[in-house]
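Q: Sequence first, then the predicted structure:
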Amino acid sequence: MRIVDFERSKSVERCISRKVQRKELAVSKRMLVTYFSANGTTRAVAERLAHAIGADIKEIVPAQKYTAADLNWRDAASRSSVEHVHRDMRPELASSVDVSDYDVVFIGYPLWWETAPRVVRTFLESADWASKTIVTFATSSSSTRGADGVQLHDSAPAARWVPGRRMAASESEAKLARWVEGLNL
């Protein structure tokens, strides 16, 4: 009986310790989770990530919302397809996202053709990234390349970039917290 109680006690201690570490990380580094989500998948992951690490959260909102027709990647004339072909396009933001109060900014986006949608570049190019750390995360049901954010570095060259990763739509808060803890921010 005592062994079981001891093991249970150790398990509870480890759980509390992880929660304290997450809170200490949030206090020592001011963190923000930003995201662009066309259909809600990236939003859901961003919300779980922000909750898991005690970060603030802000949405990257394009001035012109994307419709289902805009997102039809099989239509070469769709908005997302045209933006993909014209790499210099920068869709306007509905409002700016202020990152000045943060040390670490997570940027979430869906993968479109193994890269971030152009509106993410608009966001990156609209902020001062000096002395900031950027970590990307991406959602996709099929693509795996592009989640690390390497293709975005030229849009925020002053930032310290930490390689990101692809997230499953169902990624748990516990798994997200462990991922962030492993980044050694």
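A: Received, thanks.
Q: Name the residue closest to the centre of this structure, please.
A: In the chain, the centroid-proximal residue (Cα atoms, centre = their mean) is G108; its distance is 2.6 Å.
Q: Name the nearest residue to it, sequence neighbours excluded.
A: Once flanking residues are discounted, G108 sits nearest to Y35: 3.6 Å by Cβ to Cβ, 6 or more residues apart in numbering. To be clear about C-beta, it is placed using only N, CA and C from the backbone, and glycine gets the same treatment.
Q: just checking, the one you found touches T41?
A: No. Y35 lies out of contact with T41 (Cβ atoms under 8 Å); the separation is 10.0 Å.
Q: and those two? which has more neighbours close in?
A: Regarding Y35 and T41, a neighbour count based on other Cβ atoms under 10 Å identifies Y35 as having more, with 26 against 18.
Q: Can you name the residues that contact R48?
A: R48 makes contact with E171, S172, E173, L176 under the criterion Cβ atoms under 8 Å, 6 or more residues apart in numbering.
Q: and which of those residues is nearest H51?
A: E173 (6.0 Å; Cβ to Cβ).
Q: roughly how far apart are the closest residue to that closest one other than its chain neighbours and M31?
A: Take E173 and drop its neighbours on the chain: the residue closest to it by Cβ to Cβ, 6+ apart is A52, 4.0 Å away. Note on A52: its distance to M31, by Cβ to Cβ, to the nearest Å, is 11 Å.
Q: Same question for S131.
A: 14 Å.
Q: which of these two has more neighbours?
A: M31 (24 against 9).
Q: which residues does that one bridge with?
A: V104 (DSSP bridges).
Q: give me every residue that touches the residue nearest to E173.
A: Per Cβ under 8 Å, 6+ apart, neighbours of A52: R22, E173, A174, L176, A177, V180.
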